[in-house]
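build the 3D model from these lines:
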Amino acid sequence: MPQKTAAGKSLYSVHPGVAMLQKWVAELKGKTGRSLEEWVALVKKEGPATEAERRDWLKKRHNLGTNSAWWIAEESVGKGGEEDSPEAYLRSAGKFVEDMYAGGKAHLRPIYDELLRLGLALGAEAKACPCKTMVPLYRRHVFAQIKPTTQSRIDLGFCFLKLGKKPPKRFIDTGGAKKGDRITHRVEITSPSDIDAEVKRWLKTAYDLDA
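Next up is the predicted model:
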């Protein structure tokens, strides 16, 4: 499946985390007394050498929260960038998918393409927001997740706890309910034939119930 529609629009939508990060950047100076650029300069001048040490230093020395310390430390070592703006994220989204299905996982790409097609066809509010290791499908929240877990299979994840439904036997408990994750069950997809009527029905149910 191409990365864009016939009209040249990206198949992917901006991840909700981008807006969260932009809000954090805009409010950082008011909350902490320093802008992101000023924090990065301080870390480079006075902080320790590694990213992990810088995270701990920011939390212990400057009382920053975990997310703030994580993002500032990443910026200080030249990471990040994909979430700096909607435009930057969309440029990276297609590459995330290409990288996920490179090498030994390349043969799984047609399965991914079909799952993505089905997910986006569920309704006008369906959207896919790639991360580096998976592609969550959103309506109001994540209702499903496409993840190439091994070189032989894709796991299609569902949030059965939120659905309030009892999953079929073939749907494997991920332990997500105990950890507070949205994805609580997965079904293993190793070939296009595994995307059967049952999988399609539950995918539609997950979308419909997230209205």
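
element containing the most centrally placed residue in the chain?
For the chain, the residue nearest the mean C-alpha position is residue 131 (3.7 Å; CA atoms, centre = their mean). Secondary structure from DSSP states H and E places residue 131 outside every helix and strand.

can you check residue 114 too?
Residue 114 belongs to helix 109-120, assigned by DSSP H and E.

what is the rounded mean pLDDT of the helix ranked longest in the chain?
Secondary structure of the chain per DSSP state H: the longest helix is helix 16-32. For helix 16-32, mean pLDDT is 89.

gap between that helix and the chain center?
18 Å (CA atoms, centre = their mean, to the nearest Å).

which of the residues in it are buried?
The neighbour-count check on helix 16-32 (16 or more other CB atoms under 10 Å) flags 18, 21, 25, 28, 32 as buried. Any C-beta I mention is one placed from the backbone N, CA and C, and that applies to glycine too.

and the residue nearest to the residue nearest to the centre of the chain when sequence neighbours are not counted, how many residues sit next to it?
Excluding its sequence neighbours, the residue lying closest to residue 131 (CB to CB, 6 or more residues apart in numbering) is residue 96, at 6.5 Å. The local packing of residue 96 (other CB atoms under 10 Å) involves 18 other residues.

what do you get for residue 191?
For residue 191, using other CB under 10 Å, the count is 13.

doesn't residue 114 make contact with it?
No: if you go by CB atoms under 8 Å, residue 191 and residue 114 don't touch, sitting 10.5 Å apart.

name the helix or strand for the residue nearest to residue 131, please.
Taking DSSP H and E as the definition, one finds residue 96 inside helix 86-100.

give the rounded mean pLDDT of that helix.
For helix 86-100, the per-residue pLDDT averages 91.

for it, buried residues please.
The neighbour-count check on helix 86-100 (16+ other CB under 10 Å) flags 89-90, 92-94, 96-97, 100 as buried.

can you check stretch 178-194 too?
182-187, 189, 194.

for this structure, give me the ranges with low pLDDT.
The chain contains residues with pLDDT under 70 at 1-9, 80-84, 161-165.

what segments of it are strands?
Assigned by DSSP state E, the chain shows strands spanning 127-128, 135-138, 142-147, 154-158, 172-173, 185-189.

can you get me a residue count around the closest residue to residue 181 other than its chain neighbours?
Of all residues not flanking residue 181 in the chain, residue 174 sits nearest, at 7.1 Å (CB to CB, 6+ apart). Residue 174 has 18 neighbours, counted by other CB under 10 Å.
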